[in-house]
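Enquirer: Only the shape, not the letters, is given here:
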């Protein structure tokens, strides 16, 4: 029997509407390299949520590619990027940023988030100029790699600190949909456009076959960005492939519906774990949860499901990571919960 995967939110292909739109437009000729009518329409739809007419949008194929291009474009050779130790650029991108010649200054974080006070400590540690790198960019993920999310108050505080200290703020939005669709969340796309220099919104983990949209809000950073996209091999000749997907995702609020669905299923699982008295490695409200379970129960669940054992807590307990996706059927969650036993 094939095991059901709770390992990630990109194990499925894409939402049927995307397949339908790709098929319907397949034989229609278009200009290449992202100047097709579908990419233009997708950008218009995204702009309707940004409320920032000066924001510039670039489509690329994946998250690591987006991070590498943005960071290498924004930083001069002697400048570095500040990130939580758990940040994707620090843990899961094979040294892509360092390979471009930029140091990643990491901050220890229990919940995946960082604060202005922690950033200030990094700045204090790099005051011996010109003998040390110069921190210039702050990188955060929303939602974070631990499933937590930033509130509007937290984002504004980071942005204002960055503005005061001549730093850029860049947000990895691979799971931005999940962060913004947290129940009761006070943050929206317009806030992201107002309180960041650059962010990207992820399609790969929210219903697309592939694709991310880099959104540059700071006009000073927009000039020549296309050269960086091309030079890093990210300018697709068939750019329409990504444009069509974002056009489908942002018609009729589909992008938000998919993220909300994934969040709701994860929170249903969280409630079930809480009802059985289990604790969590970190409290989350998005589509990633990290319950701490007896190793015996983990072994039992592993016979039917695939998931990551995230961290050993002690000899008897470990934290696991469960990720729900845009495509997951609620029945799968119900069956998983039933398998927890009395």
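Expert: Alright, I've got the coordinates. Remember, it's a predicted structure, so these values are computed and weren't measured experimentally. Numbering: from 1, shown residues only.
Enquirer: ok, now how distant is residue 169 from residue 276?
Expert: Separation of residue 169 from residue 276 (Cβ to Cβ, to the nearest Å): 40 Å. From N, CA and C alone the C-beta is placed, and that goes for glycine too.
Enquirer: Which one's more surrounded, the two?
Expert: residue 169 (22 against 13; other Cβ atoms under 10 Å).
Enquirer: which element is the more buried one on?
Expert: Assessed by DSSP states H and E, residue 169 sits inside strand 168-172.
Enquirer: now what about the following helix or strand past that strand, what contacts it?
Expert: For strand 168-172, the succeeding helix or strand toward the C-terminus, using DSSP H and E, is helix 176-180. Helix 176-180 has contacts (Cβ atoms under 8 Å, 6 or more residues apart in numbering) with 142-143, 149-150, 173, 185, 187-189, 192, 199-202, 206, 255-256, 258-259, 262-263, 286-288.
Enquirer: What helix or strand is residue 199 located in?
Expert: Going by DSSP H and E, residue 199 is in strand 198-202.
Enquirer: Surely residue 43 touches residue 55?
Expert: No: taking contacts as Cβ atoms under 8 Å, residue 43 lies outside contact range of residue 55: 9.4 Å.
Enquirer: orientation of the strand holding residue 169 relative to strand 198-202 in degrees?
Expert: Strand 168-172 and strand 198-202 are oriented at 0 degrees to each other (axes from the mean of the first three to the mean of the last three Cα atoms, to 10 degrees).
Enquirer: show me where the stretch 201-342 of the chain has strands.
Expert: 212-216, 288-289, 292-294, 305-306, 308-312, 317-323 (DSSP state E, counting those that start in this stretch).
Enquirer: Repeat that for the stretch 1-150 of the chain.
Expert: So, for the stretch 1-150 of the chain - with DSSP E, counting those that start in this stretch - the strands run 4-5, 56-60, 79-84, 104-107, 134-141.
Enquirer: what's the least confident stretch among those?
Expert: With a mean of 95, strand 4-5 has the lowest mean pLDDT of those.
Enquirer: Give me the contact list for that one.
Expert: Contacts for strand 4-5 (Cβ under 8 Å, 6+ apart): 11, 304, 305, 306, 307, 332, 336.
Enquirer: ok, the last one touching residue 270?
Expert: No: here residue 336 does not reach residue 270: they are 12.0 Å apart, not a contact under Cβ under 8 Å.
Enquirer: what about stretch 124-136, start to end distance?
Expert: End-to-end distance of stretch 124-136: 13 Å, with Cα to Cα, to the nearest Å as the criterion.
Enquirer: The strand holding residue 169 pairs with which strands?
Expert: With DSSP bridges as the test, strand 168-172 is paired with strand 134-141 (parallel), strand 198-202 (parallel).
Enquirer: quick one, it and strand 79-84 angle?
Expert: Using the same axes, to 10 degrees: strand 168-172 against strand 79-84 is 50 degrees.
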